[in-house]
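> have a look at this fold, sequence not included:
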């Protein structure tokens, strides 16, 4: 992984004219090097957008946790009501 990163950084810093030479020395095809470069750039873009999306994710997580807490309360109430109804009808044998 580190070798790929170093190769991509060399490609980006040297430009297209030296790309063929760099890939030849590394023993890979130019097509592979361009794919690695594109993946590297996409990952960098995601990293830059990550700060904003982390805040959005945190809000979404908090919202979902609140929903789960509400559902847990409702389920608890239903369980209690079910036990009371069973007890009143004589079906429960505790």
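Looks like it came in fine. Just so it is clear, the structure is predicted and the values come from calculations on it, not from any experiment.

> what's the local residue count around residue 33?
Each residue near residue 33 was counted by other C-beta atoms under 10 Å, and the total is 21. Placement of C-beta: from N, CA and C, glycine included.

> show me how far the helix ranked longest in the chain is from its chain's centre.
Scanning the chain for the helix with the most residues, using DSSP state H, yields helix 30-89. Put simply, helix 30-89 sits 10 Å off its chain's centre (C-alpha atoms, centre = their mean, to the nearest Å).

> against which helices or strands is it packed?
Applying 3 or more C-beta pairs under 8 Å, 6 or more residues apart in numbering; DSSP states H and E, we find helix 30-89 packed against helix 2-14, helix 19-26.

> need those helices in TSV with distance to residue 73, can you?
Formatted as TSV, the helices and strands packed on helix 30-89 follow (distance: least, C-beta to C-beta, whole Å):
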stretch	distance to residue 73
helix 2-14	49
helix 19-26	60
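
> closest one to residue 43 among those?
Minimum separation from residue 43 across the helices and strands packed on helix 30-89 (C-beta to C-beta) falls at helix 2-14, 10.1 Å.

> name the surrounding residues that touch that closest one.
Contact partners of helix 2-14, identified using C-beta atoms under 8 Å, 6 or more residues apart in numbering, comprise 19, 22-23, 26, 28, 33, 36-37, 40.
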